[in-house]
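# Coordinates only, no sequence provided:
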């Protein structure tokens, strides 16, 4: 087993031993070494992520979930992706023109709602974020 000394949320010393050398040593999770960020809580060590890293990861996951939600709806209607919709938006004589405009408006509404919720300052659960997006009602 590996044990570490943590000072100022950093691993400063590591030793392999059958047990902690004294109370100031904590068990080290595999994959971490000297210089890595750590927070020791209740005898358990875990990787440290800054609030900025947590926020960036959340935003990335939220945007991917919204993208997937939009793509799923677009696929259900019969389009391959958003680019497929755009080609019909440019041709007002196309039989799919009105539908493409409605889908474009819905996609814009989804992203506007997404950014409204994300800019509110809270990290709402992603399923709640998706549920808050407007429904596609068609033409």
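Noted; the coordinates are in hand. Everything quoted here is computed from the prediction, not taken from an experiment.
# Averaged pLDDT, the top helix by length along the chain. What do you get?
Longest among the helix segments of the chain by residue count, using DSSP state H, is helix 51-77. On average, the pLDDT along helix 51-77 is 90.
# Show me which residues of the next helix or strand after that helix are buried.
Where DSSP states H and E defines the elements, the next helix or strand beyond helix 51-77 is helix 82-89. Across helix 82-89, burial judged by 16 or more other CB atoms under 10 Å covers 84-85, 88. To be clear about C-beta, it is placed using only N, CA and C from the backbone, and glycine gets the same treatment.
# One more: stretch 22-32?
Across stretch 22-32, burial judged by 16+ other CB under 10 Å covers 25-26, 28, 32.
# Mind picking the lowest-pLDDT entry from the residues you listed?
Per-residue pLDDT puts residue 32 lowest of these, at 72.
# ok, it to residue 9 distance?
According to CB to CB, to the nearest Å, residue 32 and residue 9 sit 12 Å apart.
# Mind listing the shared neighbours of those two?
residue 38 (CB atoms under 8 Å, 6 or more residues apart in numbering).
# Report the angle between the longest helix of the chain and helix 82-89.
With axes from the mean of the first three to the mean of the last three CA atoms, to 10 degrees defining the directions, helix 51-77 sits at 50 degrees from helix 82-89.
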